Each structure stands twice: as C-alpha cells, then as structure tokens.
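Chemist: Starting from these lines, generate the structure:
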Amino acid sequence: MWLKSLTTANSVAIVVLVFAVVAVFYHYADSPTMSGDELPSSIYDFTIKDIRGNDVSLSEYKGKVLLIVNVASQCGLTNSNYKELNVLYEKYKNQGLEILAFPCNQFGGQEPGSNEDIQEVACTRFKAEFPIFDKVEVNGKNSTPLYKFLKSQKGGYFGDGIKWNFTKFLVDKNGKVVERYAPTTSPLKIEKDIQNLLQAS
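Modeler: Residues are numbered from 1 along each chain as shown. The predicted structure follows:
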C-alpha cells in the first residue's frame, strides 16, 4: 500500500537515485582503464569492427559529422529511436552526416542476439541504412576503447558511465566530441545541433 502513497516527486527522486547509483558503479568500474596516457588523441585513431567482422578505420569519416549511438533491439526506446535515426540519416546523409550504431547487451539484456540476428532486426525490421557495427560493451573493464574515449571527452550526469541504450554522442567534422545526449533525448531533438555542425566550415 505504501507504493500507492508515493508522490510523483518521490517517484522521480527514486528514479534519479537509481541512475546515480548505477552511474557511480560504472564510473569506478571504468576508472582503472581511463588513464589519459592510454587514450588516443582523436576519434580518427580508432579502428573498429563492423557487424560482419571487417576492420573499419574511423579516419574514413574525416570531414563528416558523426552521431554515435549504442543500440538495442528489444528496448522500449528502440522503435522511436530507429525511426527517427532513419529520418535524420535520409535527410542529411548527402550533406555529410554519418550515424554509427553500436549494439550493446549491457542494459537489461535487450540486445541478446548474434551479429547476424542484430543485422536482420536493424536492417530488415527497422530499415536502417546507416552502418551497424560489432556488438560491444560500453561500460566496465571490457568497455571498447572507442567508448572509453567518448566518455572521457563528454561525461554524463552522475558520472561518465553510459546509463542505458540509445545514449548519443555528436562528433564534429574535425573529430571532436561536442555533445552527449541522454537515452531519452529523441534523435529529432538533436536535428538543430546536427544542422549547425554540417553548416560549419
């Protein structure tokens, strides 16, 4: 019965507290491997694997605006995010936008499939045309180096750890991480920021 007596404010406070605890955990889990000496100086220094296992150098994206997103196939945010990411990609891909999607199963086990399963869901069910990469971990000791770098450049509220699926990083044409957006920030709300970076010389 006490649950029914919680006010909206109390409910929000509990949610914030939970996120804070998770964030602190991931912050300390990442800390031993976050030495600046070990991190590349630019996003273009990274080579990553695509969903088929092929090596891809991020230097291939020099001069483009990048939106980097950790995705999941079974999240409550999946439908809306894929739909809006598709809208952005279709609208701006010929102007220099590239969306890089990184499947991750660390949040609620919502990306459990193989790379082949993920590709089928992303490209067939959600009609994604932007690049999908190898499934990665974005938090903890096994966090992929790219995400260690992204988090070191733009921390989040309550610590640097990624909080949930569909956290978004915006990277300018020079490879600088300029903004980080929460999972609940819809892609279309980022459109103006993308436009500004595309128009920048």
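Chemist: list the contacts for the residue most central in space within the chain?
Modeler: The chain has Val69 as the residue nearest its centroid, 2.7 Å off, counting by C-alpha atoms, centre = their mean. Counting by C-beta atoms under 8 Å, 6 or more residues apart in numbering, Val69 touches Asn81, Leu85, Ile99, Leu100, Ala101, Phe102, Phe166, Thr167, Lys168, Phe169. C-betas here are computed from N, CA, C, even on glycine.
Chemist: same question, Leu97
Modeler: So Leu97 contacts Lys64, Val65, Leu66, Leu67, Leu88, Tyr89, Ile194, Leu198 (C-beta under 8 Å, 6+ apart).
Chemist: ok, what's across the strand from it?
Modeler: Legend: beta-bridge partners of Leu97 under DSSP bridges are Val65.
Chemist: In ChimeraX, select just the buried ones from the contacts of Leu97.
Modeler: With 16 or more other C-beta atoms under 10 Å as the criterion, this ChimeraX line picks the buried residues out of the contacts of Leu97:
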select :64,65,66,67,88,89,194
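Chemist: Let me know the closest of the contacts of Leu97 to Pro183.
Modeler: The shortest approach to Pro183 among the contacts of Leu97 belongs to Leu67, at 13.8 Å (C-beta to C-beta).
Chemist: Does the closest one touch Phe169 like I think?
Modeler: Yes. Between Leu67 and Phe169 there is a contact under C-beta atoms under 8 Å: 7.4 Å.
Chemist: from the contacts of Leu97, which is closest to Leu188?
Modeler: Checking the contacts of Leu97 against Leu188 with C-beta to C-beta, the nearest one is Leu88 at 7.1 Å.
Chemist: Measure how buried the residue lying closest to the closest one once chain neighbours are set aside is and give me the count.
Modeler: Distances taken as C-beta to C-beta, 6 or more residues apart in numbering put Pro187 closest to Leu88, at 5.5 Å, once the chain neighbours are dropped. By the criterion of other C-beta atoms under 10 Å, Pro187 has 23 neighbours.
Chemist: start the count at 315, not 1, going forward
Modeler: Done: numbering now begins at 315, and the last item shifts to Pro501.
Chemist: residues touching Pro501, list them.
Modeler: Counted by C-beta under 8 Å, 6+ apart, Pro501 has contacts Leu381, Asn395, Glu398, Leu399, Val401, Leu402, Lys482.
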